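> Just the structure for this:
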Amino acid sequence: MSGGASSQYFIQSVTEQESSDDAYFSCTSVEEGIPPDGCPNAEMTNGVCKCCPPDDAEYSQDASQVSCVNGASQDRIKRRSCTRQNSSIPGEKYLCQKDSKGHVSRYDVRNFQFSSSDCYRSESPFSQEAMEDDEGKLSNKNNKCSSSDPDVSYQPTCVVNSWGHFSQCVKNRYKYRRSDYSSESDEEHGIPQWPNKPDIVQPQKSHLPSCDLNSLTSVLKPKEVSKNDVIKNIASRTKDGIKPTVFKEKLATILRWFNEFNDIQKNTLINRLLKDCDLPQNHLLSVRVSSQLHKGCPPNCQDIITWLPATIATRIMSYLDPVSLCRAAQVCWVWRYITEDPSLWRKFCCQQKWRLSKAAEHKQVISHMTGGSIMWKKVFAERFRLRNNWLSGRCTVRTFEGHSQGISCVQFDDTRIVSGSSDKTIKVWNIRTNAQWSVQTLVGHSGTVRCLHLEGKRLVSGSTDKSIKVWDLSTQESWSSIACKVTMIGHTDTVRCLQVDDDKVVSGSYDKTLKVWDIKSGECRITLRGHQAAVLCVHFNDTKLVSGSCDKTIKVWNYEGACLRTLMGHQDAVTCLQFDSTRIVSGSLDCTLKFWDIHNGSCVNTIDWKDAEGHTGVVRCLQADSWRLVSAADDKTIKVWNLETGERLVTLRNHTDGVTCMQFNDFIIVSGSYDKTVKLWDFSCC
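Numbers count the residues shown, from 1 in each chain. Model prediction:
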């Protein structure tokens, strides 16, 4: 079907009625040398209808192809209202299209070329390569819509302004464009251009039939196309929709059904339709429905917290966790005001998870009191940060050096650290600085200082010289009265462990006994015997004492000297222990930690290096509080555990030798090692 073909085939179709303007469209069969119906002259000269002016011949590449339709000139057809004709080109349903201004563009039926001027606002047709580019790229300014055959060319219609908001390229990618829903018209501002490409416009999806690139390829190869193939191709297309008359009937049926539905059924139908909608449909819905979505709603109806009463809003916020509450405070100033309510943060501070020791809580609350009121949010923020630092191991480490031999025991309070060493001395360090001039040295023991206990201004020490000494650490800015007040003699071997309260001292010794001493007079009140080897650790409360020994057992005593229970399970000497109202936690030379039921003496859990990432060396010391357990061992590490589950939370490494002693509170850990140093791990500074 080239420009020089002897005849052209067009499809005779029945009259169709379009739903938009009720216009009727018809098509006319034209063959070479046969006058069209209705032509007044009804004769041809050299293949040219005499009723057609000679100037109209410019629409054809060959004079033999010039024809008229219904006796009218080509120019008149171009100017009058659109008479749509079915096209023989696959991908195009009609021979002419009408834009929003009423201008008509049509095909030249003899060479498949448009009589209108512009092709998508381009002076030259699209190239076949550009049309086949499935990435939507434009090769150059003068893209053409034609085949390699110079006699056959194709050019799409002029711009249609009734397209949707989105243009769909291949592979279901959409691009946004201005449409009829915009308040600005094309007549006022001209046709919108693509950025940086003023002369090239991407093909877009229209409600009118679009050019099928795959079908067009076959059209541009005339030797491979027959009339039957074209008819079959057009009949098989479904993406162009259905006929307008059929559409009207089906639409009326759908609307009638919809009006018969109840609200639930209507909602179900709409919900199902939304699943099948694409971007153009979703955008149309948003434009049409947005003004009706919140009709009759109170101001800021989407923010329920803002217009609820303050008490109810606060109650709702109280169900949030701390992190969510902080995020809610960032929404707007109203939410921030509600989340600043002190009662919300006081509730968090009272939860067991965020509690500190009584002394630490009292000190913290006093420091955050302003104008007689407590800044509970700041109090909680400090506790939250502190706990997270513990869980992640974030801390600063300070090192105190001064002993000439390994550290065997440490104690500390708010202002000082006290350490005992194998060099037979006790050193008192200023916790705020590690300067040498601030260190005080206590000399009095004739052997290694094996154990210490600091209680207020009173310091009690035990040594391999078999004695226990009580020191007064009272100091002022201008003077110091540190001196040994009491010396207790009674053990026949090294004093290995001790604990102190306001009126008594309980000690354990290598002589296999425990002794209870009067702290003021230094007299022995009672001696507890029962262990078969050296006593290495002791802990007591108001009603009972618990001790661990080299005989691999743990014994529970009362203050009358009776052994209430003996716990067996460790494979080596018990080096450290602590208990509360429900459990006993112990460490041993067998490198394990064990949890015991204090009421029946059963072992409920064991932490070892194989199954629980435990210590790989001798466990030298441990301490527990309400939620964590901290242990230190000869493997040079300090480990923090979840007291309830036994899960390892963090491992701290900084010592260069085994850790022999350790003590902690809510903010810091103080440890001593064979490496002759004392280290302070501060979790409150990060």
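
> For stretch 403-413, give the mean pLDDT please.
Mean per-residue pLDDT for stretch 403-413: 96.

> Number the residues from 23 up from this point.
Done: numbering now begins at 23, and the last item shifts to stretch 425-435.

> If we go by neighbour counts, what in it is buried?
By 16 or more other CB atoms under 10 Å, the buried positions in stretch 425-435 come out as 425, 428-434. Heads up, the C-betas are built off the backbone N, CA and C, glycines and all.

> now those as a markdown table including distance to Gly694 and secondary structure?
Shown next, in a markdown table, are the buried residues of stretch 425-435 (distance: CB to CB, whole Å; DSSP: H, G, I helix; E, B strand; the rest coil):
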| residue | distance to Gly694 | secondary structure |
| --- | --- | --- |
| His425 | 9 | coil |
| Gly428 | 8 | coil |
| Ile429 | 3 | strand |
| Ser430 | 7 | strand |
| Cys431 | 7 | strand |
| Val432 | 4 | strand |
| Gln433 | 10 | strand |
| Phe434 | 11 | strand |
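
> Go through those residues and name the one nearest Arg587.
If you rank the buried residues of stretch 425-435 by distance to Arg587 using CB to CB, Cys431 comes first, at 28.0 Å.

> quick one, what contacts the residue nearest to Gly428 when sequence neighbours are not counted?
Leaving aside its sequence neighbours, Gly428 sits nearest to Tyr696 (CB to CB, 6 or more residues apart in numbering; 4.1 Å). Residues near Tyr696 by CB atoms under 8 Å, 6 or more residues apart in numbering: 428-429, 679-680, 682.

> Looking at those, which is nearest Ile276?
Checking those against Ile276 with CB to CB, the nearest one is Gly680 at 84.0 Å.

> The closest one: what's its closest spatial neighbour, skipping adjacent residues?
Here the residue nearest Gly680, using CB to CB, 6+ apart, is Asp656, at 3.6 Å.

> so how far is Asp679 from the one you found?
8 Å (CB to CB, to the nearest Å).

> between these two, who's got more neighbours?
Using other CB atoms under 10 Å, the more surrounded residue of Asp656 and Asp679 is Asp656, with 19 against 14.

> For the more buried one, list the residues it contacts.
Counted by CB under 8 Å, 6+ apart, Asp656 has contacts 637, 639-640, 642, 680-681.

> The buried residues of stretch 425-435: which two are farthest apart?
Maximum distance among the buried residues of stretch 425-435 (CB to CB): 18.3 Å, for Gly428 and Phe434.

> Nearest to Ala403 among the contacts of Asp656?
Nearest member of the contacts of Asp656 to Ala403, counting by CB to CB, is Val681, at 32.0 Å.

> Let me see the contact set for the residue nearest to the closest one when sequence neighbours are not counted.
The spatial neighbour of Val681 that comes closest, neighbours along the chain excluded (CB to CB, 6+ apart), is Ala654 at 3.7 Å. Taking CB under 8 Å, 6+ apart, we find Ala654 in contact with 641-644, 660-661, 681-684, 693.

> when you check those residues against the strands, which ones overlap?
Judged by DSSP state E, the contacts of Ala654 include 641-644, 660-661, 681-684, 693 as members of strands.

> Count the neighbours of Gln462 for me.
Neighbour number of Gln462 under other CB under 10 Å is 15.

> Distance of it relative to Val432?
For Gln462, the distance to Val432 - CB to CB - is 15 Å.

> ditto for Thr667
28 Å.

> So Arg605 sits against Asn627, correct?
No: contact criterion CB atoms under 8 Å: Arg605 and Asn627 do not qualify, at 9.2 Å.

> and those two? which has more neighbours close in?
A side-by-side neighbour count of Arg605 and Asn627, using other CB under 10 Å, places Arg605 first with 17 against 14.

> So what does the more buried one look like in phi/psi?
phi -140, psi 160 (degrees, to the nearest 10).

> just the one 5 residues further on next, same as before
Reported as degrees, to the nearest 10, the phi and psi values for Ser610 are phi -140, psi 170.
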